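*Asks:* Generate coordinates for the sequence data below:
(2 chains)
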Amino acid sequence: MDRTAILRLKDGTEYTGTAFGADSGISIGEVVFNTGIPGYQEILTDPSYSGQIVTLTSPMIGNYGISAEDNESSGIKAAALIVKKLYRGPVMEGRITLDEFMSRSGITGIEGVDTRSLTLHLRDHGSQNAAIFTPDRREEAKELLASFPDITERALIDGVSVKDRIVDPDLGEGFCKAPEKPVKRFALVDYGIKRSIIECLYKRGVSVVLLPHDATAEDVLAEDPDALFLSNGPGDPALLTDAVEMTRSLIGKLPIEGICLGHQIITIAIGGRTEKMKFGHHGSNQPVRDTVTGRTFVTAQNHGFMTVRSSLPKTTSIWFENANDQTVEGLYDETLNVRSVQFHPEAAPGPEEAEAIFDAFLEKAR
Amino acid sequence: MRRDDIHHILVIGSGPIVIGQACEFDYSGNQAVRALKEEGYEVSLINPNPATVMTTPGLADHIFLEPLKKEYIERIFDQVGPDAILSTMGGQTALNLTMELQKEGILDKYGVKVIGASADAIEKAEDRGKFKDIVTSLGYESARSGIAHSIEDAIAIKERIPLPLIIRPSFTLGGMGGSIAETEEDFIPLCEHALEMSPVHEILIEESLIGWREFEMEVMRDRKDNAIIVCSIENVDPMGVHTGDSITIAPIQTLNDREYQRMRTASIEILRAVGVDCGGSNVQFALSPDHSRMIVIEMNPRVSRSSALASKATGFPIARISAKLAVGYTLDEVKNEITGESVSCFEPALDYVAVKVPRFELEKFPLEASALGTQMRSVGETLALGRTALEAMNKAFRSSEQKLEGIMPLDESKYDADLLLRSAHPLRYLAAFTAIKKGETDLEKLSKTTGFDIYFLQLLVEEKEMEDELAKGSLDDDLYLRAKKAGLSDKRIEQLSGCSRPQHLVPARHYVDTCAGEFEALTPYCYTSYGEGDEGTGLGKDAVIIVASGPNRIGQGLEFDTCCTLSSRAFRRLGRKTVMINSNPETVSTDYNTSDRLYIAPLTAEDVLAIMEKEGTKDVVVQLGGQTPLNMAAELERNGAHIIGTSLKSIDETEDRGLFSQVVKKLGLRQPENRSAASVSEIKEKAHEIGFPVLLRPSFVLGGRAMFIAYDDDGLEEFMKKPEVTVSEDSPVLVDQFLEDAFEYDLDAVSDGRSVYIGGILQHIEAAGIHSGDSAAVFPPYKSKPEILQEMREWTLRLARHLNVQGLMNIQFAEKDGKLYIIEVNPRASRTVPFISKSSGVDLVDAAVRVWQGEDLVAQGLVKSEGSWGEGRCITGWAIKEAVFSFDRFPHVDPALGPEMRSTGEVVGYGRTFGEAYAKSQAAAFNKLPVSGRVIISVNSKDRKTIVPIAKALEELGFHILATKGTARDLYSEGILADVVLKTQDGHPNIVDYIRERKADLIINTPMGFRARQSDDDIRTEAVRAHIPYTTTTSAAKAAVEAIRYLQENRFIVRELPRGNR
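*Replies:* Numbering: from 1, shown residues only, chains lettered A, B, ... in the order given. Next comes the predicted model:
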């Protein structure tokens, strides 16, 4: 069966390839590139990629199949996948192929795309909306692309957050269970959390109350937690005025901590500002300097927005900064009792060495 | 921060090229020296290998081409006073030497600090017991094993762990002496051998992980505990094949993130525990086929072959950054030169696949069906980059220059594919392809048989599908493009489809940028791929393309890479832009800052032409990379290339025997009688015409392969029986007069077509009949009549002018009975160019480049007047080049030397006296010349007179002399009393018995003529195995005597390489 497919960027640039996974008509979203090498399963299932089409710069994808233990959420959250070369051979017993996983999840992929040229294009012209479609639907796709909202205008967290409060959620196969005798209890607001973040807390004896994204300050306080923890998630933090307001109102009342989108919400809540990056940081090799110890970690990152350094209050310190472009990768403010990191200490996928940050989170909790 | 407590650093090189330690250490040492100079340190360098780039004058402040022995290093400490020693750039040799200096208190005595890796870290990483303890304490698993210092220990271990068992000696390079014991009978002899190989008489016996998956991590760590993985490498071949002999691929292909991160974390924790805190290391892992057990195999606390590969696979300069870390910097302080934007404390992201294929010399060193093992056997390697694994794999096989147009099925009339499937053999992957091509579809079964992960077998399935499609015979544009994307050459596509290419496709240029496109690359390191977006623009018509020499092999290695590198520098000095093309990742020429642009590409005409088109230039240099570029020159020229230097017509005149004979005749020169025979009977006829002995060889062979000296009709038959020999109209056999007992010479020169500059004339020490690359050679000639040398110069000038040589040429001469013969002319750089350049102080490559740029030899000041010759002189007094062999790797191969080259490397000995130079050349080659003991003398009747003063001298030097009957009698009549020792055919104990029992310390045995050839060969073979110095000429014996005299003085003179005139 001919599955010729087209990837078209909003600026009109087109790439031709072959579709795989599900046939889902037109897939649309903001196209971003991730430079990590292994880890396609974690990336696809990371809710932060909600609304985005992921290009993997690593050219050989699907090599080791999909295992039951490596899902970062209930299933694929990315809007579509772009790869250079899809592995179509047999995989290890107990695993399924990436193609099958995509089909089952109703998500389309496109292979055979010149991902390097696409990446250089995105680097030079910035991330933008794109669509994947079959040649017969070109006109329809063009129209859709023209009117499709920008990532800064899309409400994405509603689709990835829990609807109701859950205590100590079961993370499923491959992850550890909630601690039987918890040492701490965190209120964790879910903007699209990765299971590995919860696991990192469980491993440290933290019991987690997962709250929906629209939880109010009262909802949080009602849990009497040792800390408020804001999760990662998709989209533009500037749209999340309610979340920012809730966070601001709890400053001084609870230790507040966060990762990625959570870090950006904290940035705004303490009076800072975020802005959209040209093409963001998405990968497993970003060097991050701990300004306190001077040590540099290699970290996993996935963000298209960042904290504007100059916008931060005087009392706020830079905890981590990117060793390549000096962007803010973490902040703390002892007067406000907040701390957060832009990168992903839970890794998955990516280097594990920043996991010790969770110890700092615990230490600063009540 | 830069360390200010040290000021002067001694870098230890790795010495001669041997299997397991090749030009990757020239690459790393070269980067290190440059990095240290950049930081303002005074740098000294010791490396007796004259072929290296690192020993080129002007790079380090003080260059010592002296033996890598503690006595010489101590003299360097004394003479130039370094206060630090960098131990991690010269392979296992440098590490061992550093340990020795440390243990003997020499470092302390001179207040020299070890930088790079501390002696403590080296000890922890190299001592297998200590290393295992570290692995266990970190919660990781090692192979079950035991350490033995005796056979009793070994047997006790065997009781605990079942066979098969791996046996490895401690502290040897490249796993030398390692083996696999499959049966009870094998076990004890293998342990005995390994114990003997280990300098500390220690072996590791461990559980066999044969068939497991093998992975490597290239890690760097600094003193602030910043640590990164530069590159992950997966071995396509399973455990049981030395990683140096494996096909490898980067990055790791078959691990998911969880598995990958586990290995990554383990690697960093191991470096931390071992204490590597300012440099790079390599950690190796084995994974059971079901991924349930991960075992840490070993680590190397230094730069290695793998780190050179990792540097070229990622663009991350490990050696350079290691050197910076060694002097105090941290990873976050060192800029990533490739991007210019990012820091070095990140992990390279690859958006391509890198495949390494090893290069073997199966003809010179035949392998049994399952010969690969824990000991490395390949002589070189080649790297290919592709956007997909299949593309890279096909390109890598093409690059290996083993007559493979990519992945191809085996010729089953030659190979037993089924047997090879089950064997640790270099051709196993192709055997798997053969099986798939023949219809095998059960990949799981095939994976179990071969040990290849299904992923790698799936690549072969894809290749088969592509080939099947091509075989249908209708080649349209789309199929052609897909075939090109799969890495197939035009030639292969044509072979498979029977069609010529339907369109002309120009490949895209891609940059190796270390960051998968995230930042713009500033450093132009490129590869090509088809059907993709192009990056950057060509350098234009002023650029010159230098075709390098590809994977190392016997007869074509480091020397040529040095010529290519030096030429690139020379062109750039003169303001021209250079484009280097090479496929050998071990080299300096593939360093990203050697040329204005670098392509990792197969060295074929198709690829070079594509790059020519991409860069928009036609100028191509084919003179410097050995035979590889020369072989494609005609095809390049036919397709529009402008070959720089000597014309193809002239090259043809030197390579075509018929044409060359005409040239010789016309110019009034002399060459040995030569004929060509197209049938067996004709060979006989021609041999008798010329008269025995004759030198026989099939036409179209390289490096003297399958050459043979026949002394009579029986010899002719023996030659015809060789499997590689065929004779027909199309491939005639060449029959030449063999000049027995002649003196041989090598002459390297540069010409501008009118005048000639002779860099130097080298005289060989060994008897004629031994390949020039295998013979020790002396600059200047040590025993020649002036009129013979004069004749050589005149002939050289005549040839250069007649052939209109533009650039380098090499001539081999022989002299017999006062008559000069010309053996061959090579209108290209030779192996001896770097040696002659250093020893004469005139860089011949630079001179050649200037000629190409229009500056003639008179203008260069090398020749006084047009139409004459100039000549270099040895600026070090004497310079003696000695060949170095790797026979230890092939215990079943006869180490006898002959017209076929077998040495893997070379060293030099410099000295004011001949004795000093010769002694150093031997010491540097790890030949142990004795200072006392027994010498056995057995010479032919011609040499009976010349041997007398030599024997007398040896007696005076305190040696006990033994001689065979005839020799003893003659010596007695001259007043020298020698004990008689039996010849091999005369009973026992004979010469060979003495050698086996190590009852001889020096052997002088000149050839007794063909009747005694067998016994001469036996003596030589045993001497090589027993590491007892052995000479075949009285000149070599005399050299040994002078060297012994120097050694007895115990002076260990070290001399800085003079800078020379230019």
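*Asks:* okay, now residue B:980: neighbour count?
*Replies:* Burial of residue B:980 is recorded as 13 neighbouring residues (other Cβ atoms under 10 Å in any protein chain shown). All C-beta atoms are positioned from the backbone trio N, CA, C, and that covers glycine.
*Asks:* and it, what is it in contact with?
*Replies:* Counting by Cβ atoms under 8 Å, 6 or more residues apart in numbering or on different chains, residue B:980 touches B:962-965, B:968.
*Asks:* List just the nearest of those residues to residue B:727.
*Replies:* Taking Cβ to Cβ as the measure, residue B:727 lies nearest residue B:964 of the contacts of residue B:980, at 39.3 Å.
*Asks:* Just the pLDDT at whichever residue of the stretch 501-650 of chain B sits closest to chain A, thanks.
*Replies:* Nearest residue of the stretch 501-650 of chain B to chain A: residue B:533, at 3.0 Å (Cβ to the nearest Cβ). Per-residue pLDDT puts residue B:533 at 94.
*Asks:* Partner strands of the helix or strand containing residue A:288, with direction?
*Replies:* Here residue A:288 sits within strand A:274-290, counting by DSSP states H and E. Neighbouring strands of strand A:274-290 in its sheet, by DSSP bridges, are strand A:296-307 (antiparallel), strand A:317-322 (antiparallel).
*Asks:* quick one, what contacts the spatially closest residue to residue A:64 that is not a sequence neighbour?
*Replies:* Nearest non-adjacent residue to residue A:64, counting by Cβ to Cβ, 6 or more residues apart in numbering or on different chains: residue B:256, 4.6 Å away. Shown in contact with residue B:256 (Cβ under 8 Å, 6+ apart): A:38-39, A:41, A:64, A:67, A:70.
*Asks:* can you do 10 Å?
*Replies:* The contact partners of residue B:256, by Cβ atoms under 10 Å, 6 or more residues apart in numbering or on different chains, come to A:38-42, A:63-67, A:69-70, A:92, A:95, A:349, B:291.
*Asks:* picking up where we left off before, buried stuff in the strand holding residue A:288?
*Replies:* A:274, A:276, A:279-290 (16 or more other Cβ atoms under 10 Å in any protein chain shown).
*Asks:* returning to that earlier point: pull out the buried residues from the contacts of residue B:256.
*Replies:* Here, 16+ other Cβ under 10 Å leaves A:38-42, A:63-67, A:70, A:92, A:95, A:349 buried among the contacts of residue B:256.
*Asks:* Which members of these occur in strands, if any?
*Replies:* When these are checked against strands (DSSP state E), there are no matches.
*Asks:* pLDDT and distance to residue A:306 added to those, as CSV?
*Replies:* Shown next, in CSV, are the buried ones among the contacts of residue B:256 (pLDDT from 0 to 100; distance: Cβ to Cβ, whole Å):
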residue, pLDDT, distance to residue A:306
A:38, 97, 26
A:39, 97, 22
A:40, 98, 25
A:41, 98, 26
A:42, 98, 22
A:63, 98, 32
A:64, 98, 32
A:65, 98, 34
A:66, 98, 31
A:67, 96, 33
A:70, 96, 28
A:92, 94, 39
A:95, 97, 36
A:349, 97, 21
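*Asks:* how about the nearest residue to residue A:79, chain neighbours excluded?
*Replies:* In space, residue A:79 is closest to residue A:29, 3.5 Å off (Cβ to Cβ, 6+ apart).
*Asks:* So which bits of the stretch 501-650 of chain B are right by chain A?
*Replies:* B:508, B:510-511, B:513-520, B:529, B:531-535 (Cβ under 10 Å from any Cβ of the partner chain).
*Asks:* make it 8 Å
*Replies:* The interface of the stretch 501-650 of chain B toward chain A, taken as Cβ under 8 Å from any Cβ of the partner chain, is made up of B:510, B:515-520, B:531-533, B:535.
*Asks:* what's the nearest residue to residue B:706 if we skip its chain neighbours?
*Replies:* Once flanking residues are discounted, residue B:706 sits nearest to residue B:724: 4.8 Å by Cβ to Cβ, 6+ apart.
*Asks:* before we move on, what SS does that neighbour have?
*Replies:* Put simply, residue B:724 is coil when judged by DSSP: H, G, I helix; E, B strand; the rest coil.
*Asks:* would TSV of the strands paired with strand A:274-290 with distance to residue A:23, mean neighbour count and mean pLDDT be doable?
*Replies:* Below are these laid out as TSV (distance: least, Cβ to Cβ, whole Å; neighbours: other Cβ atoms under 10 Å in any protein chain shown; pLDDT from 0 to 100):
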stretch	distance to residue A:23	mean neighbour count	mean pLDDT
strand A:296-307	28	26	96
strand A:317-322	40	21	97
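*Asks:* Put together CSV for the contacts of residue B:980, with pLDDT on each row.
*Replies:* CSV is the format used below for the contacts of residue B:980 (pLDDT from 0 to 100):
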residue, pLDDT
B:962, 94
B:963, 93
B:964, 91
B:965, 90
B:968, 92
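*Asks:* secondary structure class for residue B:384?
*Replies:* strand.
*Asks:* Residue numbers of the stretch 151-300 of chain A in contact with chain B?
*Replies:* So the stretch 151-300 of chain A meets chain B at A:283-287, A:289, A:294-298 (Cβ under 8 Å from any Cβ).
*Asks:* do that again at 10 Å, thanks
*Replies:* So far as Cβ under 10 Å from any Cβ goes, the stretch 151-300 of chain A lies against chain B at A:174, A:279, A:281-289, A:293-300.
*Asks:* circling back: what's the closest of the strands paired with strand A:274-290 to residue B:318?
*Replies:* Closest among the strands paired with strand A:274-290, using Cβ to Cβ: strand A:296-307, at 16.0 Å.
*Asks:* Can I get the closest one in CSV, CA atoms only?
*Replies:* Extracted as CSV, the C-alpha positions of strand A:296-307 are listed here (Å, rounded to 0.1, in the frame of the first residue of the first chain):
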residue,chain,number,x,y,z
THR,A,296,28.1,21.0,35.5
PHE,A,297,25.5,18.3,34.8
VAL,A,298,24.4,16.8,31.5
THR,A,299,20.6,17.0,31.6
ALA,A,300,17.5,16.0,29.8
GLN,A,301,15.4,19.0,28.6
ASN,A,302,12.2,19.7,26.8
HIS,A,303,11.0,23.2,26.8
GLY,A,304,10.1,25.9,24.3
PHE,A,305,9.6,28.7,26.8
MET,A,306,12.1,30.1,29.3
THR,A,307,12.5,32.4,32.3
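*Asks:* what distance separates it from the centre of its chain?
*Replies:* Between the centre of strand A:296-307 and the centre of its host chain there is 10 Å, according to Cα atoms, centre = their mean, to the nearest Å.
*Asks:* go on, stretch A:31-39?
*Replies:* That offset, for stretch A:31-39, works out to 12 Å (Cα atoms, centre = their mean).
*Asks:* ok, now stretch B:191-204?
*Replies:* Worked out by Cα atoms, centre = their mean, stretch B:191-204 lies 26 Å from the chain centre.
*Asks:* what about it, start to end distance?
*Replies:* With Cα to Cα, to the nearest Å applied, stretch B:191-204 spans 9 Å between its terminal residues.
*Asks:* Check stretch A:254-261 too.
*Replies:* 19 Å.
*Asks:* next one: stretch B:870-887
*Replies:* Per Cα to Cα, stretch B:870-887 runs 40 Å from first to last residue.
*Asks:* So which bits of it are buried?
*Replies:* B:870-872, B:874-876, B:878-887.
*Asks:* Skip the chain neighbours and tell me the closest residue to residue 287.
*Replies:* Picking chain A for this. residue A:323 (3.8 Å).
*Asks:* You answered for a different chain; I wanted chain B.
*Replies:* residue B:213 (4.4 Å).
*Asks:* give the contact list for the one you found.
*Replies:* B:234-239, B:252, B:254-255, B:285-289, B:291, B:294, B:451-453.
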